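Participant: okay, here's the prediction I keep looking at, along with the sequence it came from:
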Amino acid sequence: MDIKLNRGMPGMPIPSQLPTLLLILGAGSAGFGLLILWNEWLLRYLVAGLFLLIGAVLAVTGLRAKRMIG
């Protein structure tokens with residue numbers, strides 16, 4: 001009995017605009033997180049930490065995707 005597990009599309013291309021979009025979203029999220037850090041009347045550490053974390057993950061993902069494209 002032969003079971004094929006690889007049923008996805010092989011070699012699916014990454015859109016060329018994806019790394020730039022991820023870098024812009026990451027930088028914007030990190031910048032917004034820093035702005036929230038400077039406004040003390042908000043729940044600054046929780047919200048700013050969340051945006052900084054999302055921004056860092058998006059930036060790292062964008063850099064890795066940019067390196068994959070070349």
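Facilitator: Perfect, I can see it now.
Participant: helices and strands around the lengthiest helix in the chain, which ones?
Facilitator: The longest helix of the chain (DSSP state H) is helix 44-69. Secondary-structure packing of helix 44-69 (3 or more CB pairs under 8 Å, 6 or more residues apart in numbering; DSSP states H and E): helix 18-38. C-beta here means a position set from N, CA and C on the backbone, and glycine is covered the same way.
Participant: residues of the helix-or-strand element of the chain with minimal mean pLDDT that come out buried?
Facilitator: Scoring the helices and strands of the chain by mean pLDDT, DSSP states H and E places helix 18-38 at the bottom, with a mean of 86. Residues of helix 18-38 classed as buried by neighbour count (16 or more other CB atoms under 10 Å): P19, L22, L23, L25, G26, S29, A30, F32, G33, I36, L37.
Participant: would you enumerate the residues in contact with the nearest residue to the fourth one once chain neighbours are set aside?
Facilitator: Ranked by CB to CB, 6 or more residues apart in numbering and with sequence neighbours excluded, the top spatial neighbour of L25 is L58, at 5.1 Å. With CB atoms under 8 Å, 6 or more residues apart in numbering as the criterion, the residues that contact L58 are L22, L23, L25, G26, S29.
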